[in-house]
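Trainee: predicted structure and sequence below. I'll ask about it afterward.
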Amino acid sequence: MKRRDFLKGLAATSGGVALSGAVGTLSKARARKGGQEDFGEVKSVKVHCISETSWFDNATLGKDIKQAGGINTNQYEVAYTEENLGGYAALVEVEALDGTVKKYLLDSGWSNDWMDYVFEKDGIDRMLQNKEIDTLFISHDHIDHFFGIESTLKHQPDIKMYFPGTAMKKSFELLKGADFSATPGCPKNSVPHKGELIVTNTDKLYKIQDGMALKFFDAPATLQVRGENVLYFKIKDKGYVTVTGCCHPGIMTLLNHARRNFKDGNRNYGCYGGLHIAVFENWDPKFDDIIRGVKSFNMQRIGCNHCTGWIWAEKAEKAGLPIIHGTDKHESYKKVGTLAHSKTSNVYLGNGDSVTF
Ligand SMILES: [Fe+2]
Ligand SMILES: [Fe+2]
């Protein structure tokens, strides 16, 4: 693709600046004025990576999807190689200005076997049973963030949950206890959700507590999935932090959204999550543009993993972005991602690692 064409495309796609998504639901006049929404501040946020290995081998997943017809196939119609499946989930601990700490769960992974293993490792199962976790946020209903819903619900069926309104019909059925496991790697849930369900849409910003809000972005993704819930935090004296599952709307869209819509929105402090850039470790000139774009926001701490692309994280660090390093903890887990295992640069926050903003 010619660079000029690519730049034209940026305005229309989710990978880049995505101007329309960034403005959100505010009127154009209000967006121009900027800085209208003020949802308070928190003292700190700690994000613990329960699991970022959604699958263990890129090539195997790529082959499964290709065999089923490619990336626009319905995700419930792909036969996945079961031993390749892991899942994505993070524990988010939010310290309010008065020192009170609340725990939240972001996503519920894919393989129930893997999620049982990592939940036990980090004591998430007991936290759920003891109702120490306030809310479950499902970022989006993609395979690796949602198919493992039973692994959370079996410990706390009545957990309060935020769920994207754009989720597929089958994903709503799965919440109620459907079984799609006749297709390999597809989910079943024998524990129907009984708690409060907040189905999100683009109409408003969902304030979770002082200094923490959820914004739904209606962005396209692969396998017929659409829309993503994103967590925003405002850290006192530091600035905004985003926490994402896959970041399908694009990190530039999220940063621009804060800048245009939130009070002091040009103060960005950091981010955690999959950043959905070089997902299959391919390189495209637009990824250099994302490095330059993120750099212009002057973030202080970038914690990335999952679908960010190891190649992007390494190049971003070389270009001067503050990539927080992980440890080798993930190597002690019963399964290790083939890519992570082959790398020594630790530019990913891996399974068992944490970052505090
Ligand atoms: Fe993902
Ligand atoms: Fe995703």
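Mentor: That came in fine, so what should we check first? Ligands and ions are numbered 1, 2, ... in the order given.
Trainee: contacting residues around the closest residue to ligand 1 within the stretch 151-300 of the chain?
Mentor: Taking CB to the ion as the measure, the stretch 151-300 of the chain has Cys246 as its residue closest to ligand 1, at 4.0 Å. Any C-beta I mention is one placed from the backbone N, CA and C, and that applies to glycine too. Counting by CB atoms under 8 Å, 6 or more residues apart in numbering, Cys246 touches Tyr88, Ser139, His140, His142, His145, Ala221, Glu228, Gly273, Gly274, His276, His306, Cys307.
Trainee: so the fourth one touches Tyr76, yeah?
Mentor: So the one you mean is His142. No. Using CB atoms under 8 Å as the test, His142 is too far from Tyr76 to be in contact (11.4 Å).
Trainee: ok, those two, which is more surrounded?
Mentor: Neighbour count, other CB atoms under 10 Å: between His142 and Tyr76, His142 has more, with 26 against 20.
Trainee: contact partners for the closest residue to that one other than its chain neighbours?
Mentor: Nearest non-adjacent residue to His142, counting by CB to CB, 6 or more residues apart in numbering: Val225, 5.0 Å away. Residues in contact with Val225, defined by CB under 8 Å, 6+ apart, are Gln75, His140, Asp141, His142, Ala167, Met168.
Trainee: what does Ile198 give?
Mentor: Lys160, Met161, Tyr162, Phe163, Tyr206.
Trainee: and the residues you listed, which are buried?
Mentor: By neighbour count, with 16 or more other CB atoms under 10 Å, these hold Lys160, Met161, Tyr162, Phe163, Tyr206 as buried.
Trainee: between the residues you listed, which sits nearest ligand 2?
Mentor: Among the buried ones among the contacts of Ile198, Phe163 lies closest to ligand 2 (CB to the ion), at 14.7 Å.
Trainee: three-state assignment of the closest one?
Mentor: Following DSSP: H, G, I helix; E, B strand; the rest coil, we place Phe163 in the strand state.
Trainee: ok, now how distant is it from Lys236?
Mentor: Distance, Phe163 to Lys236, using CB to CB, to the nearest Å: 30 Å.
Trainee: for Ala89, same thing?
Mentor: Counting by CB to CB, the gap from Ala89 to Lys236 is 27 Å.
Trainee: show me which residues of the chain sit near ligand 1.
Mentor: Asp144, Cys246 (CB under 5 Å from the ion).
Trainee: can you give me the helices in the chain?
Mentor: 3-10, 19-23, 28-33, 58-68, 112-122, 124-129, 143-146, 149-153, 169-175, 251-261, 285-295, 310-318, 338-342 (DSSP state H).
Trainee: for ligand 1, give me its nearest residue in the stretch 51-200 of the chain.
Mentor: Asp144 (4.6 Å).
Trainee: just to check, that residue is in contact with Gly109?
Mentor: Yes. Counting by CB under 8 Å, Asp144 does reach Gly109; the two are 6.8 Å apart.
Trainee: overlap in contacts of the two?
Mentor: With CB under 8 Å, 6+ apart as the test, Asp144 and Gly109 both reach Ser54, Gly86, Gly87, Tyr88.
Trainee: for the second one, list the residues it contacts.
Mentor: Pointing back at Gly86 there. Taking CB under 8 Å, 6+ apart as the test, what Gly86 contacts is Ser51, Thr53, Ser54, Trp55, Phe56, Gly109, Trp110, Ser111, Trp114, Asp144, Lys335, Gly337.
Trainee: if we use 10 Å, what do you get?
Mentor: Neighbouring residues of Gly86 by CB atoms under 10 Å, 6 or more residues apart in numbering: 51-56, 109-111, 113-115, 117-118, 144, 148, 333, 335, 337, 351.
Trainee: for stretch 146-161, C-alpha coordinates in CSV please.
Mentor: In CSV, the C-alpha atoms belonging to stretch 146-161 read as follows (Å, rounded to 0.1, in the frame of the first residue of the first chain):
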residue,chain,number,x,y,z
PHE,A,146,-15.0,-14.4,27.1
PHE,A,147,-15.2,-18.1,26.1
GLY,A,148,-13.9,-19.0,29.6
ILE,A,149,-16.8,-17.3,31.4
GLU,A,150,-17.7,-20.4,33.3
SER,A,151,-14.3,-20.3,35.1
THR,A,152,-15.5,-17.1,36.8
LEU,A,153,-19.2,-17.8,37.2
LYS,A,154,-18.6,-21.2,38.9
HIS,A,155,-17.1,-19.3,41.8
GLN,A,156,-19.5,-16.4,41.9
PRO,A,157,-22.6,-16.7,39.7
ASP,A,158,-24.0,-13.5,40.9
ILE,A,159,-21.0,-11.2,40.2
LYS,A,160,-21.9,-7.8,38.8
MET,A,161,-20.9,-7.7,35.2
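Trainee: correct me, but Thr100 touches Ser44?
Mentor: No. Taking contacts as CB atoms under 10 Å, Thr100 lies outside contact range of Ser44: 11.8 Å.
Trainee: neighbour count: the two, which is higher?
Mentor: Ser44 (19 against 11).
Trainee: excluding its backbone neighbours, what's nearest Leu153?
Mentor: Val191 is the one closest to Leu153 (CB to CB, 6+ apart), at 4.1 Å.
Trainee: who touches both of Thr100 and Ser44?
Mentor: Listed as contacting both Thr100 and Ser44 by CB under 10 Å, 6+ apart are Val94.
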